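Novice: my questions concern the predicted model and sequence given below.
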Amino acid sequence: MPTDFSQYLYEAYLSPLPKKMLVIILTILFIFIVNHFLHLDQIILKWAQKKSRKPLFFIFVAALVIRITWCLVSPTAFPRNYDTNLSRTESSLISVYAVQISHEGIPLRPDGSLSTRRPVGYPYLLGLLYRVFGYHDQFFKFLQVIMDSVLIFIFFLLGKSFFGSAPVGILCALLVAVYPTNWSSVNIVLDEFPFFICWFFSIYLVSENIRKRKFRSTIWIGVLLGLASAFRTPALYSPFIFLIAYWVAKMSFWKSLKQMVLVFILIYVVNIPWALITYKHFGLPCFFTTGRANYYGTLNDLATWHNGYLPTISEGGHPEFLNETNPVKRSQIGVRLAAQWVAKNPGKTLRLIVMRNLAMYGFDLRDQLLDLNVLYATGTHSAAVILSHPLRKLKGWSYAYIVVFGVLGFLIMLFRKNHFFWKHYPSISVLVFIFLYWTAVHGFFFGYRKYRWTMELIFLFPSAFFLWKLLSARYFSRKALTK
């Protein structure tokens, strides 16, 4: 990655943008012209009027075919121990942990001590399934194909809830079914698949609360977020996002606050077993992961826009952090030191947040998750093979489309006559605050592209809304697009 930020900015945005925008504009014109003769919106509308079962069934079957085919044609390296060459990736760590849990009951580091670096939700899920059904190399693929396909139904429900439109829900389901990052990742052991199911379904329940202006399903929201936090720790602070969305929707202040407190309690209750295990080994409970220690590496005087840097003692690194061997204490110290640095350097912190997010949301083909896809699909570490793989271009174009369509979808919502978007689509505020939250968290932490996957799926909702408005329009006018 270039060390000069202006060079990176050009490569990530200015260089690929003109070509991508031209092709996307031509695509929009093509869809408009074809739809003018075929009336695709009427077909989707008829499907939606039949309770959406038929189109959802076909989308689900098509998604299964795509994912199973990809699993069959792309080999997968699934390491069972630390001796495997590919065990340097985080995916491989999850694989190793799952096998260890199936035998030992806990994930272990190479030295035999308890590992607390990664969230333990998925390793325990996979490890317990191995314990019940026995170890099979390809079992995790079956699990991930099912989880990613189930997400189709959740996206339909969410799209319908956000926009009050079954056709938009169908388009949301279709987009997530064909989105390359999803189907190309089912042959890699990743936390995201179970995280997505729990997190997005909790968002659906909150969206329904806002839409119906009633506080329901609090227990389910708390349990789902507890599981989501065990899979991906950033889900931990989702109750704050939901609380703000409730307030924007002018729902009861005290009821919103009570629900948030109860959900937070449930999140920690769900993760008590892991806290007890870590307490037994280290004398301190760790409810989620000690990976938060890395905040100190990303927020210090030597940290840069594209990476963190952990200074040694001779470079001014904090001895208390560097000399601590207890991982739970080390994590607590790292978070505290990072917070102190932010308080002393608000200007530089803001610059890091901006630059890391510009790096994360760029249009170029640099993508850590995609490199992992290609690495596992080809079985090689060759940079030449990875950089020339056609999946890179497919992924790059799909991301460009959903970002542009998503922005256009939001603009249509913003320019509704006499209404702010949260007036007509009150649940959409949840998506807005999720975007702001993710931007802040990964601006503080890392702007790595692998953390963008969640936001790519968030963009699918306004993208589906834009597509439906485009299909519903018979002529170009403000009235047609905002009706």
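Specialist: Looks like it arrived, so ask away.

Novice: I'd say R356 and H442 touch.
Specialist: Yes. With contacts defined as Cβ atoms under 8 Å, R356 counts as touching H442 at a distance of 6.6 Å. In short, each C-beta sits where N, CA and C put it, glycine included.

Novice: overlap of the contact sets of the two?
Specialist: With contacts taken as Cβ atoms under 8 Å, 6 or more residues apart in numbering, R356 and H442 have no neighbour in common.

Novice: neighbour count for the two, which is higher?
Specialist: R356 (26 against 23; other Cβ atoms under 10 Å).

Novice: measure that one to A440 for me?
Specialist: Separation of R356 from A440 (Cβ to Cβ, to the nearest Å) stands at 10 Å.

Novice: same check, this time on I313
Specialist: Applying Cβ to Cβ to I313 and A440 gives a distance of 30 Å.

Novice: and what of I221?
Specialist: On the measure of Cβ to Cβ, I221 and A440 end up 22 Å apart.

Novice: and those two? which has more neighbours close in?
Specialist: I221 (27 against 13).

Novice: low-confidence stretches in the stretch 101-250 of the chain?
Specialist: In the prediction, the stretch 101-250 of the chain carries no residues with pLDDT under 70.

Novice: those strands in it, which residues are they?
Specialist: Shown for the stretch 101-250 of the chain, no strands are assigned by DSSP state E, counting those that start in this stretch.

Novice: quick check: the closest residue in space to M147 that isn't next to it in sequence vs N300, distance?
Specialist: Among residues not flanking M147 along the chain, F193 sits closest, at 4.2 Å (Cβ to Cβ, 6 or more residues apart in numbering). Taking Cβ to Cβ as the measure, F193 falls 34 Å from N300.

Novice: over to S6?
Specialist: 23 Å.

Novice: looking at these two, which one has more neighbours?
Specialist: The residue with more neighbours, out of S6 and N300, is N300; 20 against 8, by other Cβ under 10 Å.

Novice: mind checking the SS state of that one?
Specialist: coil (DSSP: H, G, I helix; E, B strand; the rest coil).

Novice: now do the phi/psi pair for it.
Specialist: The phi and psi values for N300, taken as degrees, to the nearest 10, are phi -150, psi 180.

Novice: quick one: pLDDT of it?
Specialist: We have a pLDDT of 90 for N300.

Novice: same check, this time on the one 10 residues further on
Specialist: Note for L310: predicted pLDDT of 85.

Novice: just checking, it is part of a helix?
Specialist: No. Assigned with three-state DSSP, L310 falls outside any helix and is coil.

Novice: what residues are up against the closest residue to S184 other than its chain neighbours?
Specialist: Spatial nearest neighbour of S184, chain neighbours left out: N373 (4.9 Å); criterion: Cβ to Cβ, 6+ apart. Going by Cβ under 8 Å, 6+ apart, N373 touches 184-185, 188, 391, 395.

Novice: again with N345
Specialist: Applying Cβ under 8 Å, 6+ apart, the residues contacting N345 are D301.

Novice: over to it: give its phi and psi.
Specialist: phi -130, psi 60.

Novice: report the separation between it and L352.
Specialist: From N345 to L352 the distance is 9 Å (Cβ to Cβ).

Novice: ditto for V403
Specialist: 22 Å.

Novice: tell me where the stretch 51-200 of the chain has helices.
Specialist: 53-73, 90-104, 121-133, 139-163, 166-178, 180-183, 192-212 (DSSP state H, counting those that start in this stretch).

Novice: contacting residues around T298?
Specialist: Counted by Cβ under 8 Å, 6+ apart, T298 has contacts 308, 338, 352, 444-446.

Novice: in the stretch 351-483 of the chain, what spans have low per-residue confidence?
Specialist: In the stretch 351-483 of the chain (pLDDT under 70), the answer is 376-377, 379-385, 387, 416-422, 474-483.

Novice: let's see it at 90
Specialist: 356, 358-396, 410-429, 439-451, 469-483 (pLDDT under 90).

Novice: can you show me the helices along it?
Specialist: 368-378, 383-388, 390-414, 421-424, 428-444, 453-472, 478-482.

Novice: can you tell me which of the ones you listed is nearest to V328?
Specialist: Proximity to V328 (Cβ to Cβ) singles out helix 428-444 among these, at 20.7 Å.

Novice: dump the contacts of T298 to JSON lines, plus neighbour count and distance to L129.
Specialist: Converted to JSON lines, the contacts of T298 look like this (neighbours: other Cβ atoms under 10 Å; distance: Cβ to Cβ, whole Å):
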{"residue": "G308", "neighbour count": "19", "distance to L129": "34"}
{"residue": "A338", "neighbour count": "25", "distance to L129": "36"}
{"residue": "L352", "neighbour count": "23", "distance to L129": "40"}
{"residue": "F444", "neighbour count": "18", "distance to L129": "34"}
{"residue": "F445", "neighbour count": "22", "distance to L129": "30"}
{"residue": "F446", "neighbour count": "20", "distance to L129": "30"}
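
Novice: quick check, nearest of these to C71?
Specialist: Using Cβ to Cβ, these come closest to C71 at F446, 29.2 Å.

Novice: hmm, G308 and the closest one touching each other?
Specialist: Yes. Counting by Cβ under 8 Å, F446 does reach G308; the two are 6.8 Å apart.

Novice: let me see the mean pLDDT of the helix or strand harbouring S6.
Specialist: Under the criterion of DSSP states H and E, S6 resides in helix 5-9. Helix 5-9 shows a mean pLDDT of 82.

Novice: which helices and strands sit right next to that helix?
Specialist: helix 346-360 (3 or more Cβ pairs under 8 Å, 6 or more residues apart in numbering; DSSP states H and E).

Novice: please work out which residues outside the helix it packs on touch it.
Specialist: Counting by Cβ under 8 Å, 6+ apart, 1, 5, 8-9, 12-13, 298-299, 303, 305-306, 341-342, 439-440, 442-444, 446-449, 451-452 sit against helix 346-360.

Novice: hang on, the earlier thing: beyond the helix holding S6, next helix or strand please.
Specialist: Counting by DSSP H and E, what follows helix 5-9 is helix 17-38.

Novice: for the very next helix or strand once past that next one, packing partners?
Specialist: Helices and strands here follow DSSP H and E; after helix 17-38, the next one along the chain is helix 40-49. For helix 40-49, the elements it packs on are helix 53-73, helix 166-178, helix 453-472, judged by 3+ Cβ pairs under 8 Å, 6+ apart.

Novice: so how far is helix 40-49 off the chain centroid?
Specialist: A distance of 30 Å separates the centroid of the chain from that of helix 40-49, by Cα atoms, centre = their mean, to the nearest Å.

Novice: and it, C-alpha only, in PDB?
Specialist: Output in PDB follows, covering the C-alpha atoms of helix 40-49 (Å, rounded to 0.1, in the frame of the first residue of the first chain):
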ATOM      1  CA  LEU A  40     -40.300  -5.600 -14.900                       C
ATOM      2  CA  ASP A  41     -41.800  -3.700 -12.000                       C
ATOM      3  CA  GLN A  42     -45.200  -5.200 -12.700                       C
ATOM      4  CA  ILE A  43     -43.700  -8.700 -12.600                       C
ATOM      5  CA  ILE A  44     -42.100  -8.000  -9.300                       C
ATOM      6  CA  LEU A  45     -45.300  -6.400  -8.000                       C
ATOM      7  CA  LYS A  46     -47.300  -9.500  -8.900                       C
ATOM      8  CA  TRP A  47     -44.800 -11.700  -7.100                       C
ATOM      9  CA  ALA A  48     -45.000  -9.500  -4.000                       C
ATOM     10  CA  GLN A  49     -48.800  -9.600  -4.000                       C
END
